[in-house]
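Participant: sharing a model that was predicted from the sequence below.
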Amino acid sequence: MFSIETLQFESLLKLVAGNAQTPMGRDFVLGVRPLSSRPELERDLRLVEETFALKEEEVVWNFSELSEPSDAIALLRIKDSSIEPSILRELARLLSQALFAKDEIRKEKQVAPTLWQIVETLPKDLADLAAKINNKILPSGEIDDSASSELGRIRREINSQRGKLTRSLEGMMRSNSDAIQDEIVTLRNERFVIPVKADFSGKINGVAHGASSSGATVFIEPLESIEANNELQKLKANEENEIARILFSLAEELREQLPAIERAVDAIAELDFVKAKTIFAERFDAIVPEISEDETLDLVDARHPLLEENLRTAETQRSRDNSVPRAVATGKNDKNEGNTNDAIARSHNHPDAEAPP
């Protein structure tokens with residue numbers, strides 16, 4: 001009896017996992033174990049067959065720039081917890097790509113009923129929620145001015161107040177040019193100040209907010225600008241509160257859809273797993289095996305994919321060393337011959353083991 005270790009099952013899974021496009025898909029591949037249920041095995045083989053059939057119809061899906069969502073999901077499970085803008089955008093990206101895959105499969109769901117079952121229950125509402133998040137949160141993670149009318153109003157007031165304060169300080173510097181080091185309004189401790197020569201610091205009444213490294217300049221907030229600076233800080237606090245409210249509202253909407261989001265994560269993981277197997281199959285000229293009723297094992301031109309991979313790697317290295325293109329014969333590519341990799345060999349000991357692909 002061959003063991004999983006003898007057949008290098010874990011190494012085979014790593015080879016297949018290299019084709020996954022997402023962390024979830026990779027984990028799915030690496031978590032595969034031989035199946036003892038024939039219906040489960042037949043379902044997995046149908047998924048591969050249907051994916052190949054859809055490709056012939058030019059129906060494909062891809063996943064890109066998706067992060068592992070477990071931390072985000074954990075935050076959604078915590079009532080009233082806040083979620084960073086970048087994480088909200090990552091969830092929106094995940095939902096958008098899951099729904100894109102659903103739309104693609106829907107086109108030929110009669111051809112791919114098993115694949116359709118994976119995505120069928122994903123609600124359309126997720127698309128609206130993903131769009132709302134992307135509209136309110138910029139790619140940089142900043143909140144867009146249009147995220148709420150209140151945020152837009154506050155930011156307009158901030159810009160107006162900042163402009164008035166800056167102009168006032170610029171006028172003050174012109175009036176006291178002999179005491180000013182550089183006529184540039186500066187920000188210190190989140191407050192607008194002017195750079196005053198250390199020898200003239202007593203000429204400008206106000207609050208000192210530190211000095212330059214050389215000590216030649218003192219940054220002073222004139223008394224006349226304190227109230228304006230205070231008003232600006234108040235507006236900034238209002239802005240932060242409004243941003244927090246927007247982010248909390250988005251998190252709550254996601255929280256209400258948590259079961260559907262978890263289904264989207266599972267769907268992406270399995271679809272990525274299936275696609276990784278089809279890429280593996282194409283690379284090694286593998287076919288979907290036919291499972292016999294009497295457990296008969298028929299191997300034609302069978303080869304171990306790990307050995308073939310090692311040969312390819314070695315041949316590539318030799319070609320680079322010699323600067324001479326070379327090729328490795330990998331056996332016949334007949335749809336009725338070929339091999340399904342060592343997974344067929346596993347079926348000798350695990351008749352119902354799943355074979356990638």
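Facilitator: Perfect, I can see it now.

Participant: quick one: the residue nearest the centre of the chain from Arg46, how far?
Facilitator: The residue lying closest to the centre of the chain (C-alpha atoms, centre = their mean) is Leu66, at 2.2 Å. Note on Leu66: its distance to Arg46, by C-beta to C-beta, to the nearest Å, is 25 Å. The way it works is simple: take the backbone N, C-alpha and C, and place the C-beta from them, glycine included.

Participant: and what about the nearest residue to Glu90 once chain neighbours are set aside, helix, strand or coil?
Facilitator: Closest residue to Glu90 apart from its sequence neighbours, by C-beta to C-beta, 6 or more residues apart in numbering: Ser67 at 5.1 Å. Here Ser67 takes the coil state, with states given by DSSP: H, G, I helix; E, B strand; the rest coil.

Participant: surely Ser67 and Pro23 touch.
Facilitator: Yes: counting by C-beta atoms under 8 Å, Pro23 is a contact partner of Ser67 at 7.0 Å.

Participant: any stretches of the stretch 201-350 of the chain with poor pLDDT?
Facilitator: For the stretch 201-350 of the chain, the stretches with pLDDT under 70 are 315-350.

Participant: again, only this time at 90
Facilitator: Within the stretch 201-350 of the chain, the ranges that satisfy pLDDT under 90 run 201-204, 285-350.

Participant: which residues of it fall in helices?
Facilitator: 223-256, 258-283, 305-322, 342-349 (DSSP state H, counting those that start in this stretch).

Participant: ends of stretch 63-83, how far apart?
Facilitator: Stretch 63-83 has an end-to-end distance of 23 Å (C-alpha to C-alpha, to the nearest Å).

Participant: next one: stretch 52-62
Facilitator: Terminal residues of stretch 52-62 lie 14 Å apart, using C-alpha to C-alpha.

Participant: for that stretch, give the mean pLDDT please.
Facilitator: When pLDDT is averaged over stretch 52-62, the result is 93.

Participant: what's the answer for stretch 171-179, then?
Facilitator: 91.

Participant: could you list the buried residues of that stretch?
Facilitator: For stretch 171-179, the neighbour count (16 or more other C-beta atoms under 10 Å) marks Met172, Met173, Ala179 as buried.

Participant: tell me which residues touch the second one, please.
Facilitator: What it means is Met173. Applying C-beta atoms under 8 Å, 6 or more residues apart in numbering, we find Met173 in contact with Ile180, Glu183, Val185, Ile194.

Participant: which residue sits closest to Lys203 in space, ignoring its chain neighbours?
Facilitator: If the residues on either side of it in the chain are set aside, Lys203 comes closest to Ala179, at 4.8 Å by C-beta to C-beta, 6+ apart.

Participant: can you tell me how far that neighbour is from Ala20?
Facilitator: Computed as C-beta to C-beta, the Ala179 to Ala20 distance reads 66 Å.

Participant: now Ile243
Facilitator: Noted for Ile243: a distance of 36 Å to Ala20, by C-beta to C-beta.

Participant: for the two, indicate the residue with more neighbours.
Facilitator: Ala20 (22 against 18; other C-beta atoms under 10 Å).

Participant: and the pLDDT for the closest residue to the more buried one other than its chain neighbours?
Facilitator: Closest residue in space to Ala20, ignoring its immediate chain neighbours: Arg26 at 4.1 Å, by C-beta to C-beta, 6+ apart. As predicted, Arg26 sits at a pLDDT of 97.

Participant: break this structure down into its domains, please.
Facilitator: 9-123+257-349, 149-240 (automatic domain parsing).

Participant: what's the distance between the shortest one and the middle of its chain?
Facilitator: For domain 149-240, the distance between its averaged C-alpha position and the chain's averaged C-alpha position is 41 Å (C-alpha atoms, centre = their mean, to the nearest Å).

Participant: again with stretch 36-55
Facilitator: When distances are taken as C-alpha atoms, centre = their mean, stretch 36-55 is centred 27 Å away from the chain's centroid.

Participant: buried residues, stretch 94-112. List them.
Facilitator: Quick answer for stretch 94-112 (16+ other C-beta under 10 Å): 94-99, 101-102, 104-105, 108-109, 111-112.

Participant: re the thing from before, quick one: which of the domains of the chain is nearest Ile137?
Facilitator: domain 9-123+257-349 (4.7 Å; C-beta to C-beta).

Participant: distance from the chain centre to the closest one, please.
Facilitator: With C-alpha atoms, centre = their mean as the basis, domain 9-123+257-349 stands 18 Å off its chain's centre.

Participant: what about Ala74, how many neighbours?
Facilitator: 10.

Participant: what is the mean pLDDT for the helix or strand containing it?
Facilitator: Under the criterion of DSSP states H and E, Ala74 resides in helix 70-77. Mean pLDDT, helix 70-77: 96.

Participant: what's the angle between that helix and helix 258-283?
Facilitator: If you take axes from the mean of the first three to the mean of the last three C-alpha atoms, to 10 degrees, helix 70-77 sits at 160 degrees to helix 258-283.
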